[in-house]
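>>> Build me a model from this:
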Amino acid sequence: MKFNGEFIEKGKLPIPAGYRILVGRLKVDDTSQGGIIMTSEYNRAKENNTSLAKVLAVGNLAFKSNTFKETDHENAPPVPWCKVGDIILVSRYTGLDVEVTDGEEVETLKILNDDECLGLVSDINTLAV
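Below is the predicted model of the structure:
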């Protein structure tokens, strides 16, 4: 599986500010497994309906608030819900779309709040996408 923005140089990606994270949504293939070329409308619809994203960058304050503590103990450090490289679940309409180019192709990435990470995908092969 490929994700938007995963092959763009890190220096060309926008840096998420504060408690935000930058993700690339799942990129849909132009052809099916059987070799059928899919229409651009189909690909756009499929990309819009997916909730999988790859974490590309994390802001310097992300996952630092008390919301992310595993216990109520006041000295317990916050535990990040995800890190760069993780595959996460996000809501379809969440975040801000940002278009980034590598010089050849324009890709749409999303900037989300750190608490908009709905889940972590440990084995992407178990998902029916």
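
>>> Going by C-alpha atoms from here, please, whenever you check contacts or count neighbours.
Will do.

>>> where does this structure have low pLDDT?
43-50, 66-76, 127-129 (pLDDT under 70).

>>> For it, which segments are assigned as helices?
Taking DSSP state H as the criterion, the chain carries its helices at 40-49.

>>> need the strands for it, in chain order.
Secondary structure of the chain, counting by DSSP state E: strands at 2-3, 20-27, 52-58, 87-89, 96-101, 106-113, 119-121.

>>> Now do the buried residues in the fifth one.
What that stands for is strand 96-101. Neighbour-count burial for strand 96-101 flags 97, 100 (criterion: 16 or more other Cα atoms under 10 Å).

>>> What is it packed up against?
Here strand 96-101 touches strand 106-113, going by 3 or more Cα pairs under 8 Å, 6 or more residues apart in numbering; DSSP states H and E.

>>> Which strands and helices lie in contact with the strand it packs on?
strand 20-27, strand 96-101.

>>> Now do that strand: distance to the chain's middle.
8 Å (Cα atoms, centre = their mean, to the nearest Å).

>>> In JSON lines: the strands of the chain, plus distance to V79.
Converted to JSON lines, these look like this (distance: least, Cα to Cα, whole Å):
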{"stretch": "strand 2-3", "distance to V79": "25"}
{"stretch": "strand 20-27", "distance to V79": "15"}
{"stretch": "strand 52-58", "distance to V79": "14"}
{"stretch": "strand 87-89", "distance to V79": "16"}
{"stretch": "strand 96-101", "distance to V79": "24"}
{"stretch": "strand 106-113", "distance to V79": "16"}
{"stretch": "strand 119-121", "distance to V79": "13"}
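
>>> quick one on the thing from earlier: mind checking which of the helices and strands packed on strand 106-113 is nearest S122?
Using Cα to Cα as the measure, strand 20-27 is the one of the helices and strands packed on strand 106-113 that comes nearest S122, at 15.6 Å.

>>> quick one on the thing from earlier: any idea which of the strands of the chain gets closest to K12?
If we rank these by Cα to Cα, the stretch that ends up nearest is strand 96-101, at 8.1 Å.

>>> Centre of the chain to that closest one, how far?
Using Cα atoms, centre = their mean, the offset of strand 96-101 from its chain centre is 12 Å.

>>> Show me the one of the helices and strands packed on strand 106-113 that comes nearest V84.
strand 20-27 (9.0 Å).
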